[in-house]
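Chemist: next one to model:
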Amino acid sequence: MRSLRTLLAAALSALALPLAVTATAPGAAATTAAAAAAVAGAPTTVPALQQWTAGAGSFTFGPTSRIVVDPASASQVADDAATFATDLSALEGRTVEVVQGTPSPGDIALALGATGLPAEGYRMTVGSSIVVSGATATGAFWGTRTVLQLLHQGPTIAAGTARDWPVKSERGLMIDTGRNFFPVPWVERQIRDMAYLKENYLHLHLSDTFGFRLESSTHPEITSAQHYSKQDVADLIALGDRYHVTIVPEIDMPGHMDAILSGELAVGKDYRLKDGRGKVSAGFIDLTDPGARQLISDLITEYEPLFTSSRYWHLGADEYVTDYASYPQLLGYARANYGPDATAKDTYYGFVNWADSIVRAGGRTMRMWNDGIGTGDGTLTPNADIVVEYWYDYGATPQQLIDSGHTISNESWDPTYYVYGGAKPNTTWMYETWNADRFQGTNTVTDPGRNLGSKLHVWCDTPSAETVDRTAAGIRYPLRGLAQMTWGSPKPVSTYAAFVPLMDAIGRDPLWPGPNTSGDLAQGRPATASSTETPDFPAAGATDGDASTRWSSQYADPSWLRIDLGSVRTVSRVVLAWEAAYGKDYRIQMSNDGTTWTTVYTRANGTGGTETLTGFTGSGRYIRMYGTARGTRWGYSLWSFQVYGT
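Modeler: Purely as a prediction, here's the structure:
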């Protein structure tokens, strides 16, 4: 699916034709997403609000403001209130209290009971206090994201009432961690930032040419050195659950299986597809081999229960054989199993339906890419219950897929593909012309309700082309543009150039690490260290608020970096931005006197990058990172050591 991406993007953009699509929410007027006028006077949010009615007066968040939960809704929204408090505390630089009862001026209230809205809808009333009422807990949670964005811009919000809901049920991000490994902290940051934008779907492409990224108990031989443990997956899913982001796995089969097939070959099992002359394919599995089928069944069966929050399993099923005549065994298998009139392509279609039966037995719905689904090239067709993700105009059109019974989603290359070493999203065209019901190649559908939505896709065709931190910066604006276009509210401004300042105004989610972050108790405070690599990398380099300076230790365990916070502080969050030389095992410790230390957080098997540490509370005047095991042969090196609390 990825190898053809970079050749046609400019031409396809030039051929793009605008399309207006009408979407109606229960109890709300129809909105033409591509052409609707901005909601007059609405406060700045991304995505923009569907409806806003201005009121008199304003709300101000102050030093005693609280989050107040409606007692009648407490059991449903308590967890979301706690997540909101964590984020709001990070934004405000103090611990924001959560209580039950009736809000006072300056408080933010959470409740359920909003009527006339879809399940993800909410109503927000801004007066002396703010009341967010969701149609469901998810709707109320999206309302808290709106409040965070508004408070990011300042403590005072103009009075009024918003009614807000998404047009598309799926809005999100796909990352190709199969070819380029994305560390757990990086994925965690994306989950929180997606939720900040009311995006709810994270697709993990877990296997491809250069890697298989899951710990395996059934086939450990295929697991790459850089991979996610099953505990990592459980932790990511738990974070996704807290932020209402579903994590959907993809193990790409029967193509793009290079890493899996090479792992099997290493233990003496050759499942690679060979053509009639004996030429071996590194990435295609031989669907006629019973052992190959068992391998595929093993992997689906092992991992399907692991992804507990997902109703889906993604098979991939893209870019398999195109020259079926070169593989006579595929034709022989098809006729032996599907009848004398079967074609070689029926072996592929039969495989897709066989895999679908395994997925359905596990209680999930299967998804696949569209490019393998043709018209009139077999006696079989993919089961209608399979969701088809349309990325390019090969084979059956989106409308033909719907007519065949499929639900679809719009994953069009242009403008949703971010390719390492290749094409990047045309965000201007995305915002000004495209919409979520305009498919690749100017394809349209008659029933937009059969289109679940869209995602931004990070494809790592050339893994060395950029760093994961560069990727995080590169997808910032496209992800926000996609949020606007899939939420489907009236666009706040007509041009992308005018939309950029609005994206900048709402910023990142409050837990996103960065220099000069408001509320950082460590910034500018005195720092000392067990050692420094050279005078160029002093301890103060991690607390000076400058993203271009750092502290580096000598190449020894243990090593530590200590910060004097000036007085006794209560700390509930630490952000460590590691340079390439990172700490694999370390502790966060606090002390009142700088001599006797208490461990408040322990990190084992860290992966570097930027790590946001939460879920603890500690107290003391001094705080330190105490490293016990280096992640590289070098020392410990921190671009920044940020501390948050009261």
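Chemist: please identify the buried residues of stretch 373-387?
Modeler: Residues of stretch 373-387 classed as buried: 373, 377-383, 386-387 (neighbour count, 16 or more other CB atoms under 10 Å). (Each C-beta comes from the backbone N, C-alpha and C, glycine too.)
Chemist: er, stretch 393-412 actually
Modeler: 393-394, 396-399, 401-402, 404, 406-412.
Chemist: do stretch 205-217 as well
Modeler: Going by neighbour count (16+ other CB under 10 Å), the buried part of stretch 205-217 is 205-216.
Chemist: tell me which two of the residues you listed sit farthest apart.
Modeler: Spatially, the most separated pair among the buried residues of stretch 205-217 is Thr209 and Glu215, at 19.8 Å (CB to CB).
Chemist: and stretch 529-542, which residues are buried?
Modeler: The neighbour-count check on stretch 529-542 (16+ other CB under 10 Å) flags 529-533, 537-542 as buried.
Chemist: which one of those residues is nearest Thr343?
Modeler: Using CB to CB, the buried residues of stretch 529-542 come closest to Thr343 at Ala542, 63.4 Å.
Chemist: quick check: which ranges of the protein have low pLDDT?
Modeler: Across the chain, the ranges flagged by pLDDT under 70 are 1-37, 514-518.
Chemist: mind listing the helices for the stretch 301-450 of the chain?
Modeler: Taking DSSP state H, counting those that start in this stretch, the helices of the stretch 301-450 of the chain run over residues 328-338, 345-361, 398-403, 413-416, 427-432.
Chemist: and those: which comes nearest Asp107?
Modeler: helix 427-432 (35.7 Å).
Chemist: and that closest one, how far from the chain's centre?
Modeler: 21 Å (CA atoms, centre = their mean, to the nearest Å).
Chemist: same for it, what does it pack against?
Modeler: helix 413-416, helix 476-487, helix 496-506 (3 or more CB pairs under 8 Å, 6 or more residues apart in numbering; DSSP states H and E).
Chemist: how about 7 Å then?
Modeler: Under the contact definition 3 or more CB pairs under 7 Å, 6 or more residues apart in numbering; DSSP states H and E, helix 427-432 sits against helix 476-487, helix 496-506.
Chemist: mind checking what helix or strand follows that helix in sequence?
Modeler: Next helix or strand after helix 427-432 toward the C-terminus (DSSP states H and E): strand 453-459.
Chemist: quick one: that next one to chain centroid distance?
Modeler: Here strand 453-459 is found 10 Å from its chain centre; the criterion is CA atoms, centre = their mean.
Chemist: quick one: strands adjacent to it?
Modeler: strand 170-176 (parallel), strand 417-419 (parallel) (DSSP bridges).
Chemist: and those strands: which comes nearest Leu315?
Modeler: Closest to Leu315 of those, according to CB to CB: strand 170-176, at 14.4 Å.
Chemist: mind giving me the packing neighbours of the helix or strand that the closest one is followed by?
Modeler: Counting by DSSP H and E, the next helix or strand C-terminal to strand 170-176 is helix 184-196. Judged by 3+ CB pairs under 7 Å, 6+ apart, helix 184-196 is in contact with helix 137-152, strand 170-176, helix 230-242, helix 468-474, strand 610-613.
Chemist: buried residues, the longest strand belonging to the chain. List them.
Modeler: Assignment by DSSP state E gives strand 559-578 as the longest strand of the chain. Buried residues in strand 559-578, defined by neighbour count with 16+ other CB under 10 Å: 559-563, 565, 569, 571-578.
Chemist: from those residues, which two are the most distant?
Modeler: Ser559 and Ser572 (24.8 Å).
Chemist: what is the burial count for Gly488?
Modeler: The burial count assigned to Gly488 is 28, neighbours taken as other CB atoms under 10 Å.
Chemist: from Val132, how far out is it?
Modeler: Remark: distance between Gly488 and Val132 (CB to CB, to the nearest Å) = 20 Å.
Chemist: rewinding a little: mind putting the helices of the stretch 301-450 of the chain into TSV with distance to Val46?
Modeler: Listed next are these as TSV, based on distance: least, CB to CB, whole Å:
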stretch	distance to Val46
helix 328-338	48
helix 345-361	35
helix 398-403	27
helix 413-416	17
helix 427-432	11
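Chemist: ok, so of the buried residues of stretch 373-387, who is nearest Arg145?
Modeler: Taking the buried residues of stretch 373-387 together and measuring to Arg145 by CB to CB, the closest member is Val387, at 26.2 Å.
Chemist: on that earlier part again, ok, which of the helices and strands packed on helix 184-196 comes nearest Arg277?
Modeler: Per CB to CB, nearest to Arg277 of the helices and strands packed on helix 184-196: strand 170-176, 32.0 Å.
Chemist: of all the buried residues of strand 559-578, which comes closest to Lys269?
Modeler: Trp578 (38.7 Å).
Chemist: for that closest one, list each beta-bridge partner.
Modeler: Note on Trp578: beta-bridge partners by DSSP bridges are Leu638.
Chemist: who's in contact with it?
Modeler: With contact set as CB atoms under 7 Å, 6 or more residues apart in numbering, Trp578 has these partners: 608-609, 637-638.
Chemist: and for Cys460, nearest residue in space, chain neighbours not counted?
Modeler: The spatial neighbour of Cys460 that comes closest, neighbours along the chain excluded (CB to CB, 6 or more residues apart in numbering), is Asn180 at 3.6 Å.
Chemist: so who does that neighbour touch?
Modeler: 420, 460, 463.
Chemist: burial count for the closest residue to the first one other than its chain neighbours?
Modeler: Spatial nearest neighbour of Tyr420, excluding adjacent residues (CB to CB, 6+ apart): Ala465 at 4.1 Å. Residue neighbour count, defined by other CB under 10 Å, stands at 14 for Ala465.
Chemist: take the buried residues of stretch 373-387 and write them to a markdown table, including distance to Asp298.
Modeler: As requested, these are arranged in a markdown table below (distance: CB to CB, whole Å):
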| residue | distance to Asp298 |
| --- | --- |
| Ile373 | 26 |
| Asp377 | 30 |
| Gly378 | 27 |
| Thr379 | 29 |
| Leu380 | 24 |
| Thr381 | 27 |
| Pro382 | 22 |
| Asn383 | 22 |
| Ile386 | 21 |
| Val387 | 23 |
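Chemist: nearest to Tyr349 among the residues you listed?
Modeler: Among these, and counting by CB to CB, the member closest to Tyr349 is Leu380, at 3.9 Å.
Chemist: sorry, back to before: same list, the helices and strands packed on helix 184-196, but as JSON lines with mean neighbour count and distance to Asp447 please.
Modeler: As requested, the helices and strands packed on helix 184-196 are exported to JSON lines (neighbours: other CB atoms under 10 Å; distance: least, CB to CB, whole Å):
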{"stretch": "helix 137-152", "mean neighbour count": "23", "distance to Asp447": "24"}
{"stretch": "strand 170-176", "mean neighbour count": "26", "distance to Asp447": "16"}
{"stretch": "helix 230-242", "mean neighbour count": "17", "distance to Asp447": "30"}
{"stretch": "helix 468-474", "mean neighbour count": "15", "distance to Asp447": "34"}
{"stretch": "strand 610-613", "mean neighbour count": "20", "distance to Asp447": "42"}
